[in-house]
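Engineer: no sequence on hand, only this structure:
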Ligand SMILES: NC(=O)c1ccc[n+]([C@@H]2O[C@H](COP(=O)([O-])OP(=O)(O)OC[C@H]3O[C@@H](n4cnc5c(N)ncnc54)[C@H](O)[C@@H]3O)[C@@H](O)[C@H]2O)c1
């Protein structure tokens, strides 16, 4: 008899990532299949976006939501927000399967968590979807500005990435001027497009790529960037690679191909294996801006909505990503550890410190 491979135990996976709670949401009437993962609530309610994606398998969806929610814990901690980490994924094609009823049903599942999880938009969702969720629960941000929300967080996320790029350029080249630099932007969706605009405003040479061919042409034309097919981005000789699509694009194969000296983009979980690939980049002298640090602008925007902060305060917090990145790069250099390890160290210290604060009556 052939040996049947056992699927990995869900509880073992939760233990490995250190999750507090995972909720599986199923509703045959609307076709909703979603997973809400709550990683850590030491600093506050779990904050995290909702992604809608056609995952190949349910195991892929679970793995994605576990990784994304864990990195939210670190993102909120390092950005100085009083929020914990969570995330949710809806399994399906956002262009075909998304309906008002499906989003509102999903909102009901969030409502049942009584404020333990607060969401916002991500890949495959938008402010309109957040409006549908808002019809069922108040635990959602990123709703349209016309309804009193902060709207699409992606321009703010792009601003944070832009600050992270500048901090890395300062470290590698001695000045944070982008004059004469070149950047490959992989994935020109919400955040990627705003990043291309910010870079082109500074006359940076920008290469753009996406899996949607028509999108590459549109963005290249709109901003005067150079269109590159998605298969050939690692052959381009540019100073900076900005992954702004999905995670896992930095792995042994791509690191060996990369010609850039800086990686700084918006995509969550860019390193396929944080420890292995973080160390490989350190060894090769490629400066990696930890994704959860420099893409925090989006969540800062949503947090500001919750706290009723002014736009000015939101932008100050986002621009501070420059200083936070500089601190991480310095720690990485002084201790000869990967930039992700350095960032994790700072985030974990804040969580441990606040845990002690909260332990007293
Ligand atoms: N939107 C935000 O405010 C925000 C904030 C923080 C982090 N992020 C992260 O940034 C990334 C992009 O988010 P977004 O909101 O711009 O999403 P989006 O869906 O608007 O854009 C993603 C783009 O990437 C393209 N893409 C997908 N797979 C690709 C691949 N393999 N190669 C090249 N292109 C590919 C898509 O076609 C799309 O154009 C995601 O990882 C997201 O989690 C987004």
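Structural biologist: Yes, it's here. Fair warning: this is a prediction, and the values are worked out from it, not measured in the lab.
Engineer: which residues does residue 45 contact?
Structural biologist: When the contact criterion is Cβ atoms under 8 Å, 6 or more residues apart in numbering, the partners of residue 45 are 83, 84, 115, 116, 117, 118, 139. From N, CA and C alone the C-beta is placed, and that goes for glycine too.
Engineer: at 10 Å instead, please
Structural biologist: Residues in contact with residue 45 (Cβ atoms under 10 Å, 6 or more residues apart in numbering) are 38, 76, 82-84, 86, 113-118, 139, 306.
Engineer: average pLDDT across the strand or helix carrying residue 276?
Structural biologist: Secondary structure assignment for residue 276, by DSSP states H and E: helix 274-284. Per-residue pLDDT over helix 274-284 has a mean of 96.
Engineer: against which helices or strands is it packed?
Structural biologist: Taking 3 or more Cβ pairs under 10 Å, 6 or more residues apart in numbering; DSSP states H and E as the contact definition, the neighbouring helices and strands of helix 274-284 are helix 252-257, strand 287-288, helix 321-335, helix 339-359.
Engineer: mind listing what's buried in the longest one?
Structural biologist: Meaning helix 339-359. 339, 340, 341, 342, 343, 344, 346, 347, 350, 351 (16 or more other Cβ atoms under 10 Å).
Engineer: enumerate the residues of the protein near the ligand.
Structural biologist: With Cβ under 6 Å from any ligand atom as the criterion, the chain meets the ligand at residues 122-123, 153-154, 157, 186-192, 209-212, 215, 230, 244-246, 266-268, 295, 298.
Engineer: between the helices and strands packed on helix 274-284, which gets nearest to residue 149?
Structural biologist: helix 321-335 (22.3 Å; Cβ to Cβ).
Engineer: so which elements touch the closest one?
Structural biologist: Using 3+ Cβ pairs under 10 Å, 6+ apart, helix 321-335 is in contact with helix 58-78, helix 154-173, helix 274-284, strand 287-288, helix 291-294, helix 339-359.
Engineer: what lies in contact with the third one?
Structural biologist: So the one you mean is helix 274-284. By Cβ under 10 Å, 6+ apart, the list of residues contacting helix 274-284 from outside reads 67, 71, 248, 250-252, 254-256, 258, 261, 263, 270-271, 273, 286-288, 290, 332-333, 336-344.
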